[in-house]
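Visitor: Have a look at this fold, sequence not included:
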């Protein structure tokens, strides 16, 4: 009986340890991918990755907030998206930003900008 408990504890510890290592390795791989994609240094890639990770976590919190209506969630996500893009604009030149910011966000911003100019 004691052996079985020890084996179960060892297995549980192994699973927890492998999960923590996997999360770290995913982060490292993501930073490496961004560094290669942007052809930049590791420090800049880490900052860009952190900006994107913070954005994703904030979006999850907004989506999980049952007190917000759908239009409120959309407005909050738009605000988060604008903040993420502002931070990336401070960090990266246009050519590198265009590699990280999804096409749908760029098109949405472009349509909004051209609509605003057309209405002036």
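Guide: That came through, no problem. No experiment lies behind these values; they were computed from the predicted model shown. Residues are numbered from 1 along each chain as shown.
Visitor: Just confirm residue 37 contacts residue 98, I think it does.
Guide: No - counting by Cβ atoms under 8 Å, residue 37 stays clear of residue 98, with 11.1 Å between them. C-beta: built from backbone N, CA, C; applies to glycine.
Visitor: for this protein, which spans come out with low pLDDT?
Guide: Scanning the chain for pLDDT under 70 picks out the ranges 1-23, 106-120.
Visitor: let's see it at 50
Guide: Residues of the chain meeting the criterion pLDDT under 50: 110-111, 113-120.
Visitor: Going along the chain, name the helices of it.
Guide: Remark: helices assigned in the chain by DSSP state H are 2-38, 42-64, 70-91, 94-100, 103-119.
Visitor: And the contacts of the fourth one?
Guide: Right, the one you point to is helix 94-100. 34, 37, 38, 40, 48, 52, 85, 88, 89, 92, 106 (Cβ atoms under 8 Å, 6 or more residues apart in numbering).
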